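[1] coordinates only, sequence not included:
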Ligand SMILES: Nc1ncnc2c1ncn2[C@@H]1O[C@H](COP(=O)(O)OP(=O)(O)O)[C@@H](O)[C@H]1O
Ligand SMILES: Cc1ncsc1CCOP(=O)(O)O
Ligand SMILES: [Mg+2]
C-alpha cells in the first residue's frame, strides 16, 4: 500500500478538477475545503452543461442534500456521464432515509455504479434498505451499526463504501479498514461531511478508490484534530480547519493517522 502521504502529495501535484453537484448549504464550504487541500472544485450542476463538464473533470461528486425534480435530473445526467466516461464518481446520500423522493433517487443513482459511496451511519443503513431515518442530515446511528450494511452494499453495488462518524469504516465488500482520526466538534459545523465527499473525490482522481478513500478520511480527520487544539467552538474551528488542511504535510499525516485493517 502507498503511504498516506504519497496519496496526499500526488493529489496536490495533480490539483484535480472535481465537478460537484452539491447542495445550497454545502457549496461554499465545500469549495473552500477543496481549495485548501489543493484541488480545483467546480460547482457545476445546470442541466444543459452538466454532462459536458463531466468530460472535463477528473472526478465527479453527487450530493442529494437539497434536491428537487430538476436537481435530481441533473444528478442522474452527471452520474451517467461520469460512469460512461470512466470518471470516478462519489455519491453522498444526504438524509436519504427521510423521504420517498430521496430513497427513490438514491436507488436510481446506485444503478449508475458509483465508484464510492460516502455517508454517515444512518444514511448508509437507509441506502442499504434498512429502516434508518437519521435526524435529517445528521446521524442517529453509530458507525458500528452500519458496518454489515456497508459490507453488503459494497458487495452488491461494486462501490467502495465509507461510513463516517467517530471511527470511520471503509470497505470494498471484501476488505475493510477503520480510520479513528477526527474530533467530535466536526459534526457541529454544517456541510463538513459534504465537503469530505469532495475531498474523497479529489483523492479518487489520483489513487485507487479504496486507498484514496482511506487516505482522504485519515487526512481530513487528522486536520480536524489539529484544528480542534486551537478552536474555542464551531466558528473558530471552521477557520482553523481550513488552515490545518492547507498546512498539513505528508509526514504530519503519516504521524497523526490512525488507520488499521480489520
Ligand atoms: N464523534 C466524532 N469524532 C470524531 N470525528 C467525527 C465524529 N463525528 C464525525 N466525525 C468526522 O467528521 C467528518 C464528517 O463526517 P460525518 O459527520 O459522519 O458526516 P455527515 O456530516 O455527512 O453526517 C468525518 O471526517 C468524520 O470522521
Ligand atoms: C443541513 C443540510 N440540509 C440539507 S443539506 C445540509 C447539509 C448537510 O451537510 P453534512 O451532511 O455535511 O452535515
Ligand atoms: Mg452528510
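    Arrived safely, thanks for sending. All values reported here derive from a predicted model rather than from experimental measurement. Ligands and ions are numbered 1, 2, ... in the order given.
[2] which residues of the stretch 101-250 of the chain fall in helices?
    In the stretch 101-250 of the chain, the helices defined using DSSP state H, counting those that start in this stretch lie at 121-127, 143-157, 192-204, 209-230, 234-247, 250-256.
[3] Same list as before, these that is, but in TSV and with mean neighbour count included.
    C-beta coordinates here come from the backbone N, C-alpha and C atoms, glycine included. Output for the helices of the stretch 101-250 of the chain, formatted as TSV (neighbours: other CB atoms under 10 Å):
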stretch	mean neighbour count
helix 121-127	28
helix 143-157	19
helix 192-204	29
helix 209-230	24
helix 234-247	18
helix 250-256	16
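[4] just so I know, which of the ones you listed lies nearest residue 96?
    Proximity to residue 96 (CB to CB) singles out helix 121-127 among the helices of the stretch 101-250 of the chain, at 4.8 Å.
[5] For the closest one, name the packing helices and strands.
    Judged by 3 or more CB pairs under 8 Å, 6 or more residues apart in numbering; DSSP states H and E, helix 121-127 is in contact with helix 100-110, strand 116-120, helix 143-157, strand 160-164.
[6] Name the surrounding residues that touch it.
    93-97, 103, 106, 110, 117, 119, 132-135, 138-143, 145-146, 149-150, 153, 161, 163, 165 (CB atoms under 8 Å, 6 or more residues apart in numbering).
[7] make it 7 Å
    Counting by CB atoms under 7 Å, 6 or more residues apart in numbering, helix 121-127 makes contact with 93-94, 96-97, 106, 117, 119, 132-134, 139-143, 145-146, 149-150, 153, 161, 163, 165, all of which sit outside it.
[8] Skip the chain neighbours and tell me the closest residue to residue 91.
    residue 114 (4.1 Å; CB to CB, 6 or more residues apart in numbering).
[9] Share the number of residues neighbouring that neighbour, please.
    27 (other CB atoms under 10 Å).
[10] Cheers, nothing more for now.
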